[in-house]
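# I need the structure of the sequence given here:
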Amino acid sequence: MQIFGLSLEDLASIVGIIGGAATVFSWAFNKIVVDPLKDAIHNLSSTVDRLSDTNERQNKEIQQELHDHEMQLQAHQLSINNIKEKQEDLEDKNE
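Take a look at the predicted model:
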């Protein structure tokens, strides 16, 4: 039996050769393109995770510093108010 002028054995050989070539191409494509791309994506993901952790830590530090400064500002405002009251009291006594 012949198809396209080729025997079944010839067609089977052609299919086998094409299949083998496709397998080699697929393996080479994975090794040359996909594997390095996977490594790059993994490295990028790790870098983003580290940046996120660093950003979160720095944000907490900044929030703590802001809280500390707000506490100092309140303490200074109380001191200023006390000084103003004392000054007013002294001015009232001097009048």
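
# can we go C-alpha only for contacts and neighbour counts from here?
Will do.

# Point out where the chain drops to low pLDDT.
In the prediction, the chain carries no residues with pLDDT under 70.

# Would you map the helices across it?
Secondary structure of the chain (DSSP state H): helices at 8-29, 35-94.

# got JSON lines for these, with mean neighbour count and distance to residue 2 too?
Listed next are those as JSON lines, based on neighbours: other C-alpha atoms under 10 Å; distance: least, C-alpha to C-alpha, whole Å:
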{"stretch": "helix 8-29", "mean neighbour count": "12", "distance to residue 2": "6"}
{"stretch": "helix 35-94", "mean neighbour count": "12", "distance to residue 2": "43"}
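
# Mind checking those for the one nearest to residue 1?
helix 8-29 (6.7 Å; C-alpha to C-alpha).

# between that closest one and helix 35-94, how big is the angle?
With axes from the mean of the first three to the mean of the last three C-alpha atoms, to 10 degrees defining the directions, helix 8-29 sits at 30 degrees from helix 35-94.

# Give me the contact list for helix 8-29.
For helix 8-29, the external contacting residues (C-alpha atoms under 8 Å, 6 or more residues apart in numbering) are 1, 2.

# and it, how far out from the chain's middle?
Relative to its parent chain, helix 8-29 has a centroid offset of 42 Å by C-alpha atoms, centre = their mean, to the nearest Å.

# cool, and stretch 5-24?
Worked out by C-alpha atoms, centre = their mean, stretch 5-24 lies 48 Å from the chain centre.

# Contacts only, for the residue nearest the centre of the chain.
Centroid check for the chain by C-alpha atoms, centre = their mean gives residue 48 as the closest residue, at 2.4 Å. Residues counted as contacts of residue 48 (C-alpha under 8 Å, 6+ apart): none.

# follow-up on the earlier one: would you format the helices of the chain as JSON lines with distance to residue 1 included?
Listed next are those as JSON lines, based on distance: least, C-alpha to C-alpha, whole Å:
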{"stretch": "helix 8-29", "distance to residue 1": "7"}
{"stretch": "helix 35-94", "distance to residue 1": "44"}
